[in-house]
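Participant: Would you be able to build a 3D model of this:
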Amino acid sequence: MSSWVPGLKVELTRPGATESNGVGAVRKVGIGSPGPILEEVVTFEPGERLVYKALAGVPLKNYRGEVTLRPTGSGTEITYAIDADKRLPFGESLAVKGLATAPLSGLVRGVRSTG
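Facilitator: Numbering: from 1, shown residues only. From the prediction side, this is the model:
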């Protein structure tokens, strides 16, 4: 992700079982403040799909993210979905939106600068 989201820092703290960034890998991921999210990769299909769960650094219960890649014409469609248990109707929705904004904004800037 750090190659397509400018400013995103990813640090591998534990390699995956069979691939460095594959299932079981634990990574610190973040863009500046408020600090990194500690995440564990739970599904890894190279070039197609990555699913992770937050272990720390997220104020949401059962936070989970999924990035799916699909070839389209001369490019790639990227679907980025975030899910978490909803306990407070308004506050948690804002938190999920905020957590998604930085990587998606970075992706758009990266695409515009190469397009």
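Participant: Please count neighbours and contacts with C-alpha atoms only from this point.
Facilitator: OK.
Participant: which parts of stretch 20-37 are buried?
Facilitator: Within stretch 20-37, the residues that count as buried by 16 or more other Cα atoms under 10 Å are 21-31, 36-37.
Participant: let me redo that: stretch 37-45
Facilitator: Those would be 37, 38, 39, 40, 41, 42, 44, for stretch 37-45 by 16+ other Cα under 10 Å.
Participant: Select from the buried residues of stretch 20-37 every entry located in helices.
Facilitator: Using DSSP state H, no member of those sits in helices.
Participant: So which of these are in strands?
Facilitator: 26, 27, 28, 29, 30, 37 (DSSP state E).
Participant: Contact partners for the fourth one?
Facilitator: By Cα atoms under 8 Å, 6 or more residues apart in numbering, the residues touching residue 29 are 8, 9, 10, 11, 36, 37, 38, 39.
Participant: and it, bridged to which residues?
Facilitator: residue 10, residue 37 (DSSP bridges).
Participant: Now do the helices in this protein.
Facilitator: Along the chain, the segments classed as helices by DSSP H run 91-114.
Participant: low-confidence ranges in it?
Facilitator: The model of the chain has pLDDT under 70 over residues 1-4, 32-34, 87-115.
Participant: Could you find the closest non-adjacent residue to residue 80?
Facilitator: Leaving aside its chain neighbours, residue 80 sits nearest to residue 67 (4.6 Å; criterion: Cα to Cα, 6 or more residues apart in numbering).
Participant: so how far is residue 41 from the nearest residue to residue 16 once chain neighbours are set aside?
Facilitator: Once flanking residues are discounted, residue 16 sits nearest to residue 25: 3.8 Å by Cα to Cα, 6+ apart. With distances taken as Cα to Cα, to the nearest Å, residue 25 is found 5 Å from residue 41.
Participant: Give the residues shared as contacts by the two.
Facilitator: residue 16.
Participant: what's the distance between the residue nearest to residue 35 when sequence neighbours are not counted and residue 65?
Facilitator: The shortest distance from residue 35 to any non-neighbouring residue, by Cα to Cα, 6+ apart, is to residue 57 (7.2 Å). According to Cα to Cα, residue 57 and residue 65 sit 14 Å apart.
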